[in-house]
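Colleague: Requesting a structural model of the entry that follows:
(one chain, ligands or ions: 3)
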Amino acid sequence: MKFSIKKGSPGKQRSACIVVGVFEARVLTEAAKILDKNTNGYISRILKNGDMEGKIGSTLLLHYAPNIICKRILLVGLGKKSKLHDKEYKNAVLAAFNALHATGTADTMFFLIDDPVKNREITWKISHVVIFAMESFYRFDRLKSKKETNKQHLQKIILSTTSQIDIATGNQALQWGLSTAHGINLTKDLGNLPSNICTPTYLAELAMTMAKNYKLKVTVLEQKDMKKLGMGSLLSVAQGSRQAAKLITLEYWGQSKSKKPFILVGKGVTFDTGGISLKPSAEMDEMKYDMCGAASVFGTLTAIAQMKLPINVVGIIPATENMPDGNATKPGDIVTSMSGQTIEILNTDAEGRLILCDALTYAERYEPEAVIDIATLTGACVIALGHVASGLLSNNDELATELLNASEQAIDRAWHLPLWDEYQEQLRSNFADMANIGGRSAGTITASCFLSRFTKKYRWAHLDIAGTAWESGKKKGATGRPVPLLTQFLTTCAAKKSP
Ligand code: BES
Ligand code: MN
Ligand code: ZN
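Modeller: Ligands and ions are numbered 1, 2, ... in the order given. Model (predicted):
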């Protein structure tokens, strides 16, 4: 796929398909108006026939319009001009690409970056059209013996504008979108890989390849190393598995090492059976996605390394399976975490927090600017927020606000849940410093309360992506979330901090 930016007028250039927008009630956008003029009113005549209203996400493909050298025109409904917000824009752009993929179009002049999205600059539109285009191209068919037949013809996307945009700035936005999309694609691929391929060892090897490709520093701790560090909590999850657990760190130093790094900690449970507290078998296959937090750390690091973002970021990934076994942890077992705090494991299915807590203690050695952990942590989060928003909990309101702002900008929603002390009581244990579960009520919050006991030394936020990391049903597949949010957050931080 080739993307480029070009200033020019629609209808003056050769292209397999020109894409222009139409607002509701058949109101032409600026580019559509010019094209209408160039074609002697061809577009307005067709709209008058009643073939298109301009409803958001609708499309109409026209062939061989008069007086122009383009084979096709794709009209894309943008809805009401006053209501063209981020989400609507995304719908319209995705509809446009899906319509293009249904044709034999090999190259397109895409004028939708000119249309007015509320409070968004053209650079935002350029970045996001690239991200949406890449989303429309995404397939995961590497494990099918025959590749899917609906071949995509589109090769060249020329983001076209009639406005006086600075091409260098435009190209920067384009590259930003492309790097983000590459990160999203890696995250999707890792999520979609089954657990017999995507093991902790596979993730460790991927980290080593990434380190080579992007000049990152990689460290892989083996179980014996973790034992020396006293990571009894993490190891208690791994002990039922034949797959060796790994603690992977990837360091990206994009600015002076004297600047404190941001740390991303990603839950990397490559398969979650629940352990001895075995999960019901329906849809258990989806627990291959229980490493999507880890995948989003790999994806975000890929994106920012490709961008050469001037910021320091360390990714920490505790990777393990959660399996039942003769040697597996049993309900009631008590373990000692790296922090020295003891944990009564009342439910072996609450394993995410058990691996994260040791990774969060390990993060202290970097004296971080802030730590963000990303985890498919609780089914309760799906009940609370569905598949729309990730749960956000933090010990620092400023950090939470910065993440929420990034999530808005990236169309990657998150919702702030409280982390009040009142909830901490639910973790009381008669036999250890804490229990690993807090009962049925407020499950997402009590899981965060558990983590908060290991994050006292730095600014910390937790993203529960149980509802947002993948889709179920016919469209089953990883979403790549929250890579857009994290990449935007780090980009904003880098812009603020760079000299
Ligand atoms: N990986 C799951 C959370 C999950 C479940 C994510 C379903 C997405 C869909 C996690 O390890 C888990 O099993 N959590 C338990 C915690 C409970 C035992 C306190 C849960 O949510 O049921
Ligand atoms: Mn579990
Ligand atoms: Zn899990």
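
Colleague: gap between the residue nearest the centre of the chain and Lys217?
Modeller: Taking C-alpha atoms, centre = their mean, the centroid of the chain lies closest to Arg481, which sits 2.3 Å from it. Separation of Arg481 from Lys217 (C-beta to C-beta, to the nearest Å): 27 Å. To be clear about C-beta, it is placed using only N, CA and C from the backbone, and glycine gets the same treatment.

Colleague: near ligand 2, which residues of this protein?
Modeller: Contacts of the chain with ligand 2, taken as C-beta under 5 Å from the ion, map to 272, 349, 351.

Colleague: Go through these and flag which are in strands.
Modeller: Asp272 (DSSP state E).

Colleague: Would you mark the buried spots in the strand or helix carrying Ala406?
Modeller: Counting by DSSP states H and E, the element that carries Ala406 is helix 397-409. For helix 397-409, the neighbour count (16 or more other C-beta atoms under 10 Å) marks 399-400, 402-404, 406-407, 409 as buried.

Colleague: and if you look at stretch 327-346?
Modeller: Buried, per 16+ other C-beta under 10 Å, within stretch 327-346: 328-329, 333-339, 341-346.

Colleague: Give me the three-state assignment for Asn327.
Modeller: Under DSSP: H, G, I helix; E, B strand; the rest coil, Asn327 falls in the coil class.

Colleague: count of residues packed around whatever residue of the stretch 251-400 of the chain ends up closest to ligand 1?
Modeller: Closest to ligand 1 within the stretch 251-400 of the chain is Gly379: 3.3 Å, counting by C-beta to the nearest ligand atom. Gly379 has 14 neighbours, counted by other C-beta atoms under 10 Å.

Colleague: Ala31 too?
Modeller: 26.

Colleague: close to ligand 3, is stretch 424-439?
Modeller: No. Stretch 424-439 is not in contact with ligand 3 by C-beta under 5 Å from the ion; minimum separation 12.0 Å.

Colleague: Report the mean confidence score over that stretch.
Modeller: Regarding stretch 424-439, the rounded mean pLDDT is 98.

Colleague: Any buried residues in it, and which?
Modeller: 424, 426-427, 429, 432-438.

Colleague: Touching, the residue of the stretch 251-400 of the chain closest to ligand 1 and Gly443? I think so.
Modeller: Yes. Counting by C-beta atoms under 8 Å, Gly379 does reach Gly443; the two are 7.2 Å apart.

Colleague: So this protein: which segments form each domain?
Modeller: 2-157, 181-494 (automatic domain parsing).

Colleague: out of those, deepest packed?
Modeller: domain 181-494 (a mean of 21; mean count of other C-beta atoms under 10 Å).

Colleague: Show residues contacting the helix or strand Cys381 falls within.
Modeller: Counting by DSSP H and E, the element that carries Cys381 is helix 379-385. Contact with helix 379-385 is made by 390-391, 415, 417, 442-444, 447, 464, 466-467, as judged by C-beta atoms under 8 Å, 6 or more residues apart in numbering.

Colleague: Just these: which are in strands?
Modeller: Those of the contacts of helix 379-385 lying in strands (DSSP E): 390-391, 415, 464.

Colleague: which two in those are spaced the farthest apart?
Modeller: Trp415 and Asp464 (9.8 Å; C-beta to C-beta).

Colleague: Find the residues that touch each one of those two.
Modeller: 390-392.

Colleague: just to revisit the earlier point, which of the ones in strands among the contacts of helix 379-385 lies closest to ligand 3?
Modeller: Asp464 (11.1 Å; C-beta to the ion).

Colleague: Leaving out the residues flanking it, which one is nearest to Ala442?
Modeller: Tyr423 (5.8 Å; C-beta to C-beta, 6 or more residues apart in numbering).

Colleague: what stretches of this protein score poorly on pLDDT?
Modeller: 149-150, 497-499 (pLDDT under 70).

Colleague: Report the closest residue of it relative to ligand 3.
Modeller: For the chain, C-beta to the ion, closest residue to ligand 3: Asp272, 3.7 Å.

Colleague: So which bits of the stretch 351-499 of the chain are right by ligand 1?
Modeller: On the criterion C-beta under 6 Å from any ligand atom, ligand 1 has as its neighbours in the stretch 351-499 of the chain the residues 351-352, 376-380, 382, 437, 443, 466.

Colleague: which of the residues you listed lies closest to Ser452?
Modeller: Nearest member of these to Ser452, counting by C-beta to C-beta, is Leu377, at 12.9 Å.

Colleague: and the gap between the closest one and Ile355?
Modeller: 11 Å.

Colleague: Identify the contacts common to those two.
Modeller: Lys267.

Colleague: Over to stretch 62-69 now: how far is its first residue from its last?
Modeller: Its first and final residues considered, stretch 62-69 spans 13 Å by C-alpha to C-alpha, to the nearest Å.

Colleague: from the chain's centre, how far out does it sit?
Modeller: Here stretch 62-69 is found 40 Å from its chain centre; the criterion is C-alpha atoms, centre = their mean, to the nearest Å.

Colleague: what are the phi and psi angles of Lys144?
Modeller: phi -90, psi 140 (degrees, to the nearest 10).

Colleague: Contacts only, for the residue nearest to the centre of the chain.
Modeller: With C-beta under 8 Å, 6+ apart, Arg481 has these contacts: 296, 390, 412, 465, 468-469.

Colleague: could you say which helix or strand contains it?
Modeller: Assigned by DSSP H and E, Arg481 belongs to neither a helix nor a strand.

Colleague: Check Asp358 too.
Modeller: Going by DSSP H and E, Asp358 is part of helix 352-363.

Colleague: longest single strand anywhere in the protein?
Modeller: The residue-count maximum for a strand in the chain (DSSP E) belongs to strand 312-322.

Colleague: So the residue of the stretch 101-250 of the chain found nearest ligand 2: helix, strand or coil?
Modeller: In the stretch 101-250 of the chain, the residue that lies nearest ligand 2 is Val237 (9.2 Å; C-beta to the ion). Under three-state DSSP, the three-state class of Val237 is helix.

Colleague: mind listing what it touches?
Modeller: 245, 269, 275, 320, 322, 329, 348, 351, 354-355.

Colleague: which non-adjacent residue is nearest it?
Modeller: With C-beta to C-beta, 6+ apart, the residue lying closest to Val237 is Glu351, at 4.5 Å.

Colleague: Hmm, Asn322 and that neighbour touching each other?
Modeller: Yes. The pair Glu351 / Asn322 is scored as a contact, 4.5 Å apart, by C-beta under 8 Å.

Colleague: anything in contact with each of those two?
Modeller: 237, 269, 272, 275.

Colleague: Among these, which pair sits farthest apart?
Modeller: Val269 and Gly275 (10.3 Å).

Colleague: Touching both of those two, which residues are there?
Modeller: 237, 322, 351.

Colleague: ok and the residue in the stretch 101-250 of the chain nearest ligand 1?
Modeller: For the stretch 101-250 of the chain, C-beta to the nearest ligand atom, closest residue to ligand 1: Val237, 9.6 Å.

Colleague: those helices in the stretch 101-250 of the chain, which residues are they?
Modeller: Here the stretch 101-250 of the chain has its helices, by DSSP state H, counting those that start in this stretch, at 122-137, 167-192, 200-214, 223-229, 232-238.

Colleague: For Lys457, find the nearest of the ones you listed.
Modeller: Going by C-beta to C-beta, the one of the helices of the stretch 101-250 of the chain nearest Lys457 is helix 223-229, 16.3 Å.

Colleague: Spatially nearest residue to Gly443, not counting backbone neighbours?
Modeller: Looking at Gly443 with C-beta to C-beta, 6+ apart, the closest residue is Ala380, at 2.9 Å.
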